[in-house]
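**Q** sequence and predicted model, in that order:
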Amino acid sequence: MGENEKQTKSRVLCALLVTAMFQFFFSSAKQIQSITKMQTQSPKRIGSSFIFPVQGDVYPNGFFYTSVNIGNPPKTYYLDIDTGSDLTWVQCAVPGAKLHKAPHNPYKPNNNVVSCKDPLCASVHHPPDHPCRSPSDQCDYEVGYADHGSSLGVLVRDYFTFNVAANRQINLTFGCGYDQEFSDPSTPSVDGVFGLANGKSSILWQLQSLRLTRNVIGHCFSRQGKGVLFFGDGLIPPGIVWTPMKTNELNQYLSGPVDLLLGEQTLVAKSLYIAFDSGSTYTYLNSQAYRDTLSKIMLELKTKPLKPVKDGSLPVCWKGAGPFRSIEAVTNYFSPLALRFTINNAPFSFALPPENYLIVTSNGNVCLGILNGAEINLGNLNIIGDISMSDKVVVYDNERRMIGWASSNCDT
């Protein structure tokens, strides 16, 4: 979510708190082309996999979203795709609700509130042994995000329709949010959040528990504003590089340690642990790694025809002799970055060419899409956001506890 109204819209939906309240580069283009050709205006199930068409961008909107159909009859809601948090929620129409402007009318519950005794209720509470005075008490939730946004509401259960034509409906639990806070009031261009981290409250976990799909998720976000999200292992393209997933209490897709390189040879930072988070627009490094990265980039730019400028979009920007019209116009001025993993004693890289860490703003300036995690209290956590995952297939295999990636054209 954006830093202020004049700045580039961005958000970090990495979940920080859920509390109880009761009252490289292998080509997979052909595989992804076959997936995206199957996209329609609604998600579909193919074999044991579910496919969702994706829209959005890093700049200027700052998020990628998909449409989900909920209720009977089904109604469409746009949800921000977030692999950094578990709970899916939509804005909810209840008396006294604090709602924000959204693309669709808020969801209306219909005597379908989840009880505090429901096993899924414990999954949205830390610690899970929450008090429950009576089985008739509802299951309330509160989730806070790293950018200081939040959602307060109650768990409900309703039908999700994954293929409108076939009327395939599945009864799932999600959040009915009646009090939302956003760090930037202008940000909400969606109806809620599609929480896809590896917690029991996630929609993916619920589908897997019903034996409808494997506990695997993948996405391919295009810089051109399209993409695809899929559940299940039936659509994983060949050539994926895999690295182990680290267990953590927030169910984030965490991996490491990795080294950060500039120009494939210059070591910038060592032994970083990183979370792959589609709910974050930009990439965040811990304070020391951020300072070292910025210092190395600035050193390289001393001989380039670029000058620092205050753009109002991101903290660090440069201008050229004239306005830049595309990211391609500036890539020759910047060296590629790379995250180097050691897998089975062999080095593999998650490539970050300039287009995966820079944006060109409407002012014609180029800005650094790597931010200081200390500004949002991330501590030593490093986040790989949408900007760095664009035009890559990224797969989270929760059953094998592996994270994988491959370069791809996600727009075709």
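**A** Perfect, I can see it now.

**Q** tell me where the stretch 251-400 of the chain has strands.
**A** All strands of the stretch 251-400 of the chain, identified by DSSP state E, counting those that start in this stretch, fall at 254-262, 266-276, 283-285, 307-308, 317-319, 337-343, 346-352, 358-360, 366-368, 370-372, 382-384, 392-397.

**Q** which residues touch the first one?
**A** Spelled out, it's strand 254-262. Identification of contacts with strand 254-262 by Cβ atoms under 8 Å, 6 or more residues apart in numbering yields 243-246, 248, 267-276, 285, 289, 293, 296-297, 300, 335-341, 349-350, 403. Where C-beta positions appear, they are placed from N, C-alpha and C, glycine not excepted.

**Q** 7 Å instead?
**A** 243-246, 248, 267-275, 289, 293, 296, 335, 337-341, 403 (Cβ atoms under 7 Å, 6 or more residues apart in numbering).

**Q** ok, stretch 378-388 next?
**A** 12, 14, 58, 64, 146, 221, 272-278, 280-286, 289, 352, 356-357, 369, 373.

**Q** returning to what we had before: closest one to S49 among the strands of the stretch 251-400 of the chain?
**A** Minimum separation from S49 across the strands of the stretch 251-400 of the chain (Cβ to Cβ) falls at strand 392-397, 11.8 Å.

**Q** just want the angle from that closest one to strand 266-276.
**A** Using axes from the mean of the first three to the mean of the last three Cα atoms, to 10 degrees, the inter-axis angle of strand 392-397 relative to strand 266-276 is 50 degrees.

**Q** so what does strand 392-397 touch, helix or strand wise?
**A** Contacts defined by 3 or more Cβ pairs under 7 Å, 6 or more residues apart in numbering; DSSP states H and E place strand 392-397 against strand 216-221, strand 402-407.

**Q** where in the stretch 151-300 of the chain is pLDDT low?
**A** Within the stretch 151-300 of the chain, the segments meeting pLDDT under 70 span 163-167, 183-188.

**Q** that older thread, buried among the contacts of strand 254-262? Need that as a selection in ChimeraX.
**A** Burial among the contacts of strand 254-262 is assessed by 16 or more other Cβ atoms under 10 Å; the matching ChimeraX selection reads:
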select :243,245,246,268,269,272,273,274,275,289,293,296,335,337,338,339,341,403
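
**Q** could you count how many residues lie near Q169?
**A** 18 (other Cβ atoms under 10 Å).

**Q** you'd agree it is up against Y159?
**A** Yes. Using Cβ atoms under 7 Å, Q169 is in contact with Y159, at 4.1 Å.

**Q** any residues in contact with both of the two?
**A** Jointly contacting Q169 and Y159 under the rule Cβ under 7 Å, 6+ apart are N72.

**Q** quick one: residues contacting G404.
**A** Per Cβ under 7 Å, 6+ apart, neighbours of G404: I240, V241, W242, V395, D397.

**Q** got the CA positions of whichever helix in the chain runs longest in PDB?
**A** Longest helix in the chain by number of residues (criterion: DSSP state H): helix 287-301. Extracted as PDB, the C-alpha positions of helix 287-301 are listed here (Å, rounded to 0.1, in the frame of the first residue of the first chain):
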ATOM      1  CA  SER A 287      18.700  -2.200   6.400                       C
ATOM      2  CA  GLN A 288      22.400  -3.200   5.900                       C
ATOM      3  CA  ALA A 289      21.700  -5.100   2.600                       C
ATOM      4  CA  TYR A 290      19.700  -2.200   1.300                       C
ATOM      5  CA  ARG A 291      22.400   0.400   2.100                       C
ATOM      6  CA  ASP A 292      25.100  -1.800   0.500                       C
ATOM      7  CA  THR A 293      23.000  -2.400  -2.600                       C
ATOM      8  CA  LEU A 294      22.200   1.300  -3.000                       C
ATOM      9  CA  SER A 295      25.900   2.100  -2.500                       C
ATOM     10  CA  LYS A 296      27.000  -0.300  -5.200                       C
ATOM     11  CA  ILE A 297      24.400   1.000  -7.700                       C
ATOM     12  CA  MET A 298      25.200   4.600  -7.000                       C
ATOM     13  CA  LEU A 299      28.900   3.800  -7.600                       C
ATOM     14  CA  GLU A 300      28.200   2.300 -11.000                       C
ATOM     15  CA  LEU A 301      26.100   5.300 -12.000                       C
END
